[in-house]
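Chemist: Would you be able to build a 3D model of this:
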Amino acid sequence: MEINDLTPAELRIWRAFPRGESVDFRTHENDDPATGADWGPERTVRASVLKALLISAPQEEGEVAALRVTGARVTESLNLAYGVVDHAVRLIHCHFDESPDLHGSRLRQLSLRGSVLPSLVCGSSRIDGPLRLSGCRVRGAVRLGGTQIAGALFLDGAELIAPDAAEPVLKLNRAAIGDDLWAPGLRVHGETRLTGATVAGAVNLEGTEFTNPGGTALNAESLDANADVRARRLRARGRVEFRGARIAGRLDLSRSHLSDPGGTALRASSCVMGELWLYRSEPLEGILNLRRSRIDVLSFAPEVLPDEVLMNNLTYVTLNAHEPAERRLPMVERDGDGYVPHAYEQLTAAYRRVGDDRAARRVQLAKQRRHRTTLPWYGRAWGHMQDVTVGYGFRPLRAAVWLLSLLAVGSVVYAQHHPRPIKVSEAPDFNPVFYTLDLLLPVISFGQESAFAPAGWCQALSYALIVTGWVLATTVVTGVTRTVSRS
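Modeler: Purely as a prediction, here's the structure:
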């Protein structure tokens, strides 16, 4: 391109480029790039001029060339597809009439901070430094799928709006980010896709808004983050998907609001992560799916949980904050998969790790009661008997109360109505207490039952005491065996 073909605005950029100097076309600092379509020729540059500078412009010896432009209107499409650019590119607070195409390119560093664009194509690119899209306003898709970014990716304060797009609005699938993904205050209207992305540092999504009602708002399947995913105060309308994610630190969704009525508000199944935080979040509107995940620490209040929770094969070590078993049990009793023994065992183990044996026994009792509902009628009847008598072995004092009560009843009755001796000459002295014990205890014999024979209704009482004694003994043995096997 000949220098004689340049407009005055383009000539300023052409002369500043070899020395890496900045060119600022703004009339004041608060110029809004959204009004850039009305900017005149004094601040309008052609994308073909910028491309010529980046690809083939001469450089000055001893200077570091760079494209640094602020507040310009860029006409035409900046097409650097599959190109190699060895200079830093900073097009800040600019207005792009057409979408830049950087697909497959290799860039040293790129900043479009505060700019307004129809869309951005930068998939499969390689950027040797950071990529800055802070404060950008984009009315179409931002395609960064497969991009390799050696530095950080900045999307803080950006606004991406394309709710009717057939594809995700923000595509970061299979992207590799060598530092942090920094996006506090990001607003996306449409799907955000992070499937298979790798982030060497932290993911900051604090105060972000993802809006895609009836669809997937945030799709982070198989995300691999080597530090925390901080998503406090996140607002999501639509499914939030973390299936198969690997998060070395914590997934922090404290003070968030996740809403997908009739669908899945949060799916974090088959995940491996250090911690999952839902402190002071609003109650989830939709299903919570944590199936098959391995999480060291689960941190949430019971009120956060929705009406349906899927926890089959979820493994965790600690459950914070410590709550009574009565407040934690709805977590496993709301499981949409029905009766899931593993969920009860995990909750029991969590209580035992902190030394709360009473809560652990309460969870085990609730497990047996839930299991009873899956049995046929005769199994349910036997279960009710075990529950009433000894609480499935987790209420051993009940057996003592029953035995003492029956012993008192039998002793009083037989003290007033002595059974007749079977052999008068051989019968020992009658003792109503030990006679009742002989009837109640199926193993121990004091020689009273075999020596005396009650009659009438007293005989019926003896049969009742014998049957009750066998039932109590069987349930006690069953409960003790279950408790020992759990230990």
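Chemist: who touches the one helix or strand Gln346 maps to?
Modeler: Per DSSP states H and E, Gln346 falls inside helix 341-353. Residues from elsewhere that reach helix 341-353 (CB atoms under 8 Å, 6 or more residues apart in numbering): 311-319, 325, 328-329, 331-332, 335, 357, 359-360, 363-364, 366-367, 370-371, 486. Backbone N, C-alpha and C define where each C-beta goes, glycine included.
Chemist: Now, the residues you listed that are in helices?
Modeler: Using DSSP state H, 325, 328-329, 331-332, 357, 359-360, 363-364, 366-367, 370-371, 486 are the members of the contacts of helix 341-353 that sit in helices.
Chemist: Flag the shaky bits of the stretch 101-250 of the chain, pLDDT-wise.
Modeler: 163, 165 (pLDDT under 70).
Chemist: if you set the cut-off to 90 instead, what comes out?
Modeler: The stretch 101-250 of the chain contains residues with pLDDT under 90 at 162-167.
Chemist: Which of the ones in helices among the contacts of helix 341-353 has the largest number of neighbours?
Modeler: Among the ones in helices among the contacts of helix 341-353, Val363 has the most neighbours (other CB atoms under 10 Å), with 25 neighbours.
Chemist: pretty sure that one contacts Ala325?
Modeler: Yes - at 5.3 Å, Val363 and Ala325 qualify as touching, with contact defined as CB atoms under 8 Å.
Chemist: excluding its backbone neighbours, what's nearest the residue nearest in space to the middle of the chain?
Modeler: Against the mean C-alpha coordinate of the chain, by CA atoms, centre = their mean, the closest residue is Ala268 at 4.5 Å. Of all residues not flanking Ala268 in the chain, Phe242 sits nearest, at 4.4 Å (CB to CB, 6 or more residues apart in numbering).
Chemist: so how far is Leu314 from the one you found?
Modeler: 14 Å (CB to CB, to the nearest Å).
Chemist: Would you agree the residue nearest to Ala268 is in contact with Cys271?
Modeler: Yes - counting by CB under 8 Å, Phe242 touches Cys271, with 5.9 Å between them.
Chemist: So which of the two has more stuff around it?
Modeler: Remark: of Phe242 and Cys271, Phe242 carries more neighbours, 28 against 24, as counted by other CB under 10 Å.
Chemist: Tell me who's in contact with that one.
Modeler: Counting by CB under 8 Å, 6+ apart, Phe242 has contacts 220-221, 223, 251, 266-268, 271.
Chemist: Distance of it relative to Leu251?
Modeler: Phe242 is 7 Å from Leu251, by CB to CB.
Chemist: joint contacts of the two?
Modeler: Shared contacts of Phe242 and Leu251, counting by CB under 8 Å, 6+ apart, come down to Ala268.
Chemist: and the host helix or strand of Thr468, average pLDDT?
Modeler: Thr468 is part of helix 457-486 when elements are defined by DSSP H and E. Averaged over helix 457-486, pLDDT sits at 71.
Chemist: Same check on stretch 398-406?
Modeler: 76.
Chemist: Now do the buried residues in that stretch.
Modeler: 398-399, 402-403, 406 (16 or more other CB atoms under 10 Å).
Chemist: before we move on, the earlier item: how far is the helix holding Gln346 from where the chain is centred?
Modeler: Its chain's C-alpha centre and that of helix 341-353 lie 19 Å apart, by CA atoms, centre = their mean, to the nearest Å.
Chemist: Could you tell me the angle between it and helix 325-333?
Modeler: Angle of helix 341-353 versus helix 325-333, following axes from the mean of the first three to the mean of the last three CA atoms, to 10 degrees, is 150 degrees.
Chemist: What residues of helix 341-353 count as buried?
Modeler: Buried residues in helix 341-353 (16+ other CB under 10 Å): 343-344, 346-348, 350-352.
Chemist: ok, Glu42 - contacts?
Modeler: 8-9, 25.
Chemist: hmm, 10 Å instead?
Modeler: For Glu42, the contacting residues are 7-9, 12, 25, 27, 73, by CB atoms under 10 Å, 6 or more residues apart in numbering.
Chemist: Mind checking which of these are buried?
Modeler: 9, 12, 25, 73.
Chemist: Return the subset of those lying in helices.
Modeler: Among those, the ones falling in helices (DSSP H) are 9, 12.
Chemist: before we move on, the earlier item: list residues touching both of Phe242 and Cys271?
Modeler: Both Phe242 and Cys271 are in contact with 221-223, 251, 290, 293, where contact means CB under 10 Å, 6+ apart.
Chemist: before we move on, the earlier item: do you know how far the residue nearest to the centre of the chain is from Glu221?
Modeler: 10 Å.
Chemist: Please enumerate the shared neighbours of those two.
Modeler: 241-245.
Chemist: quick one: which of these is most hemmed in?
Modeler: Phe242 (28 neighbours).
Chemist: got the phi/psi numbers for that residue?
Modeler: phi -120, psi 20 (degrees, to the nearest 10).
Chemist: Keeping just the C-alphas, turn stretch 121-136 into PDB.
Modeler: This file holds the C-alpha atoms of stretch 121-136, laid out as PDB (Å, rounded to 0.1, in the frame of the first residue of the first chain):
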ATOM      1  CA  VAL A 121     -13.600 -14.900  15.000                       C
ATOM      2  CA  CYS A 122     -10.400 -16.000  16.600                       C
ATOM      3  CA  GLY A 123     -10.700 -19.800  16.800                       C
ATOM      4  CA  SER A 124      -7.700 -22.000  16.500                       C
ATOM      5  CA  SER A 125      -5.400 -19.000  16.900                       C
ATOM      6  CA  ARG A 126      -2.200 -18.800  19.000                       C
ATOM      7  CA  ILE A 127      -1.500 -15.800  21.100                       C
ATOM      8  CA  ASP A 128       1.900 -15.500  22.700                       C
ATOM      9  CA  GLY A 129       0.700 -13.100  25.400                       C
ATOM     10  CA  PRO A 130      -2.600 -12.100  27.000                       C
ATOM     11  CA  LEU A 131      -5.900 -11.600  25.100                       C
ATOM     12  CA  ARG A 132      -7.800  -8.600  26.500                       C
ATOM     13  CA  LEU A 133     -11.500  -8.300  25.700                       C
ATOM     14  CA  SER A 134     -12.300  -6.300  28.900                       C
ATOM     15  CA  GLY A 135     -15.400  -4.100  28.600                       C
ATOM     16  CA  CYS A 136     -16.100  -5.200  25.000                       C
END
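Chemist: Quick check: buried residues in it?
Modeler: Applying 16+ other CB under 10 Å to stretch 121-136 flags 121-125, 127-136 as buried.
Chemist: what two of those are the furthest from one another?
Modeler: Ser124 and Gly135 (25.1 Å; CB to CB).
Chemist: what residues are up against Leu266?
Modeler: 218, 236, 239-242, 251, 253, 256, 258, 260, 276, 278, 281, 284, 286-290, 306.
Chemist: returning to what we had before: export the shared contacts of Ala268 and Glu221 to a markdown table and tack on secondary structure and distance to Ala88?
Modeler: As requested, these are arranged in a markdown table below (DSSP: H, G, I helix; E, B strand; the rest coil; distance: CB to CB, whole Å):
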| residue | secondary structure | distance to Ala88 |
| --- | --- | --- |
| Glu241 | strand | 36 |
| Phe242 | coil | 35 |
| Arg243 | coil | 38 |
| Gly244 | coil | 36 |
| Ala245 | coil | 33 |
